[in-house]
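Asks: Make a model of this:
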Amino acid sequence: MKTGILNSFISILILVAAASCNNNAKKEFSDDNNVSLKDTIVPIQRMNDTIVYYKYDCCFVVSTEIKYPPPETEIIGSILLLHGWNLPSDEWCKKTSFCEKALNKGYILVIPDYKKSNYCLEMYPQTIADYQKYPTITWMMETQIPNFQETFGLLLSGQNNNVAGISTGGRGATLMAYYMPEIFKNAASLSGDFDITKMQNEYLYYSFLGHYTDFPERWEKECFAYDCENYKVPTYIGHGQIDNVSPVTQSRMMFDSIKFYHPNLKVVGHFPEYAAHNYDYWESETDAVLKFFECYE
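Replies: A predicted model of the protein is given here:
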């Protein structure tokens, strides 16, 4: 969907950074990685309408589109948008009204292209070769987000940052919230996976992690479903009941688990009866997700 509000397109901005890979799985990500930023919080600055930004380092090359609201619109925050496995990163914008409405409300949109990333913590010896070129969520959190902070003054602690994802990106959004509650004020997952140990025959997981029967502890480490007690971020969880890609039970049990441990946390679950795993359903959640972000700013 064309927004009709983008007036110019900036030439590609390329930053070449020599950075070391860190593919070690970690259960905690803290402010320690951003010490240089903590005392100099940069307010969100308006830049041109759209920037296409490439991040290079030793491990991955990821392009990111950053969309700014119309010039007459006050900036109220940002939304990191995470696409599903092998879905075009801009398709959520093109096939729904989410981006247009979010921009008109005053959100900056940060839209990385992770291609076939499955938001795993690390690469393993069993990760098939074709998938080793896609970024891990560890790289996203330890390398890419600090780079956004340094380069654009975006996704800094204390700003109104939100993260939303569809399909596998829904899993990524809640993982981001789980590991970086100091960065993200709200999260939204649509049609996401949570307890992947219940999806042992899913190619998208065993192709990255190896088979569950061989590495059960690895599979448990790669999701926060066993640690909902430490999930802190207000979250909107939506999932259609006739989803034939990811079972709705994934989102239902995660909603129930978070509510069990945090009865006072702002968590909304919406599981429409006739919704499937497609953009028609994701479009139907647009207003509800944006309202959730506004209510809990």
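Asks: If you tally nearby residues, what's the number for the residue lying closest to Cys295 once chain neighbours are set aside?
Replies: The shortest distance from Cys295 to any residue other than its chain neighbours is 7.7 Å, reached at Lys266 (CB to CB, 6 or more residues apart in numbering). Backbone N, C-alpha and C define where each C-beta goes, glycine included. For Lys266, the count of nearby residues is 13 (other CB atoms under 10 Å).
Asks: what about the strands in the stretch 1-150 of the chain?
Replies: Under the criterion DSSP state E, counting those that start in this stretch, strands of the stretch 1-150 of the chain are mapped to 13-16, 50-56, 61-67, 77-82, 107-112.
Asks: Give me the mean pLDDT for the first one.
Replies: Per-residue pLDDT over strand 13-16 has a mean of 28.
Asks: likewise the last one?
Replies: In this model, strand 107-112 has an average pLDDT of 95.
Asks: Buried residues in that strand, which are they?
Replies: By 16 or more other CB atoms under 10 Å, the buried positions in strand 107-112 come out as 107-112.
Asks: hang on, the earlier thing: my guess is the residue nearest to Cys295 contacts Pro234. True?
Replies: Yes: Lys266 lies in contact with Pro234 (CB atoms under 8 Å); the separation is 3.9 Å.
Asks: Between its first and last residues, how far does stretch 205-216 reach?
Replies: The first residue of stretch 205-216 is 12 Å away from its last residue (CA to CA, to the nearest Å).
Asks: where along the stretch 1-150 of the chain do the helices fall?
Replies: 35-38, 91-95, 98-105, 137-139, 145-152 (DSSP state H, counting those that start in this stretch).
Asks: right, and the secondary structure at the residue nearest to the spatial centre of the chain would be what?
Replies: The residue at the geometric middle of the chain, judged as the C-alpha nearest the mean C-alpha position with CA atoms, centre = their mean, is Ala173 (3.4 Å). When states are read from DSSP: H, G, I helix; E, B strand; the rest coil, the local structure at Ala173 comes out as helix.
Asks: now Thr249: how far from Gln200?
Replies: 14 Å (CB to CB, to the nearest Å).
Asks: Please disregard the earlier target; I meant Val233.
Replies: With CB to CB as the criterion, Val233 and Gln200 are 28 Å apart.
Asks: cool, and Val62?
Replies: Counting by CB to CB, the gap between Val62 and Gln200 amounts to 29 Å.
Asks: rewinding a little: pick the one among the buried residues of strand 107-112 closest to Pro88.
Replies: In terms of CB to CB, no member of the buried residues of strand 107-112 lies closer to Pro88 than Ile111, at 10.2 Å.
Asks: Please consider this matter closed, and thank you.
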